[in-house]
Each structure stands twice: as structure tokens, then as C-alpha cells.
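Colleague: Based on what follows, work out the 3D shape:
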Amino acid sequence: MPLFDDLSAGMRKAFLAGVGAVAVGAEKSQELVDDLIKKGELTVEQGKALNEELTRKVKETTAEASEEVLRARMRAMTPEERDEWLARAARIAEEIAAEEAAAAAEAEAAAEEEAEVETPDEPAAEPEEDAEDVEDVCPQDASDVSEAADEA
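Modeller: Numbering: from 1, shown residues only. Have a look, this model is predicted:
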């Protein structure tokens, strides 16, 4: 399969070069938008809208380039190689889905545990005080305080 490996390496390099060019183009367009905003030729809102549009186009271009690389790679494969590649992709997708499900279950368990800590099952016991005992110990008005001081 040296021919396939060479083709694959060449396609990978071409794809990465395309992604790099798109990334540089996005950076330069962001710089241009920022400069125009600084000069007052664009408002901040217009700059944000322009930047969002450019970002969307970059994503579309990258997705299209990625699909073209995949198509070219699959055209170079035999039907058996394509079947093997599809089976491997399906296995990877299943592994990722299982990892995501496990992470979601862990997050849910952690949230439930946190909720249990925040709201205990039994309310905290309140100290019991007898109002009459408090009145016996604490004088009620200033005359009682004076009398207590005199007795001492």
C-alpha cells in the first residue's frame, strides 16, 4: 500500500495547508475589522457582524475541504478498505458515545451528591429554652439591673 500511504500523506499535507491558509485569512480579516473599527469606519456592531460572517465562511470552507479530502481518500480505497474504515469509524463513534454517557452519569451523580449535602434529610435540632428560665436569669428592666447590682 505504499501508493495509498503516499497519496494519504499528500492529501493530509494539502488539507493542512488549506486549513492553515484559512486560519491565516481569518486572522488577517479580524485584524482588518479591528483596524476599521479603530479608524471609525465601522461601528463595533458592524465589526461583530462582519467577523461572524467571516468566521462562518471559514468554517464552511474548512468543512468543504475536509469533505473533499475524505472523498479523495475514499476513492483511492478498495471496497474492502472502505468497509474496514467504516467499521472502524462506527466503533470509534460507539466508544465516544459510551464515554459521553459515562461522563453524563458522573455529572448527574455529582449533582445529586451535591444536592444531598445542601439539603440534609433531617432538620437541625433547635436548642430548647424555657422562657421562664430566661426571665429568671435576665433582669427585665433597668430597676431590676440596679437591684441586682446592689445585692451583689
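
Colleague: Give me the below-cutoff pLDDT ranges for this protein.
Modeller: Within the chain, the segments meeting pLDDT under 70 span 1-8, 10-11, 14-15, 21, 41-42, 118-152.

Colleague: most residues in a single helix of it, which one?
Modeller: helix 79-118 (DSSP state H).

Colleague: gap between residue 78 and residue 100?
Modeller: 33 Å (C-beta to C-beta, to the nearest Å). No exception for glycine: its C-beta is placed from N, CA and C like everyone else's.

Colleague: Residue 70 too?
Modeller: Distance of residue 70 to residue 100, given as C-beta to C-beta: 23 Å.

Colleague: Among these two, which residue is more densely surrounded?
Modeller: When residue 70 and residue 100 are compared for neighbours, residue 70 comes out ahead with 13 against 10, by other C-beta atoms under 10 Å.

Colleague: What helix or strand is the more buried one located in?
Modeller: Using DSSP states H and E, residue 70 sits in helix 44-75.

Colleague: could you give the angle of that helix to helix 79-118?
Modeller: Computed with axes from the mean of the first three to the mean of the last three C-alpha atoms, to 10 degrees, the direction of helix 44-75 lies at 140 degrees from that of helix 79-118.

Colleague: Mind listing what's buried along helix 44-75?
Modeller: 47, 50-51, 54, 58, 61-62, 65, 69, 73 (16 or more other C-beta atoms under 10 Å).

Colleague: what's the answer for stretch 77-95, then?
Modeller: Residues of stretch 77-95 classed as buried by neighbour count (16+ other C-beta under 10 Å): residue 77.

Colleague: Extract the CA atoms of it and return them as CSV.
Modeller: The C-alpha coordinates for stretch 77-95 follow below in CSV (Å, rounded to 0.1, in the frame of the first residue of the first chain):
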residue,chain,number,x,y,z
MET,A,77,-9.5,2.8,-1.3
THR,A,78,-10.7,-0.6,-2.4
PRO,A,79,-14.3,-1.6,-1.4
GLU,A,80,-12.8,-3.8,1.4
GLU,A,81,-10.7,-0.9,2.7
ARG,A,82,-13.8,1.3,2.7
ASP,A,83,-15.8,-1.3,4.7
GLU,A,84,-12.9,-1.6,7.2
TRP,A,85,-12.7,2.1,7.5
LEU,A,86,-16.4,2.5,8.1
ALA,A,87,-16.4,-0.3,10.7
ARG,A,88,-13.5,1.5,12.5
ALA,A,89,-15.3,4.8,12.3
ALA,A,90,-18.5,3.2,13.7
ARG,A,91,-16.5,1.6,16.6
ILE,A,92,-14.9,4.9,17.4
ALA,A,93,-18.3,6.6,17.3
GLU,A,94,-19.7,4.0,19.7
GLU,A,95,-16.7,4.5,22.1
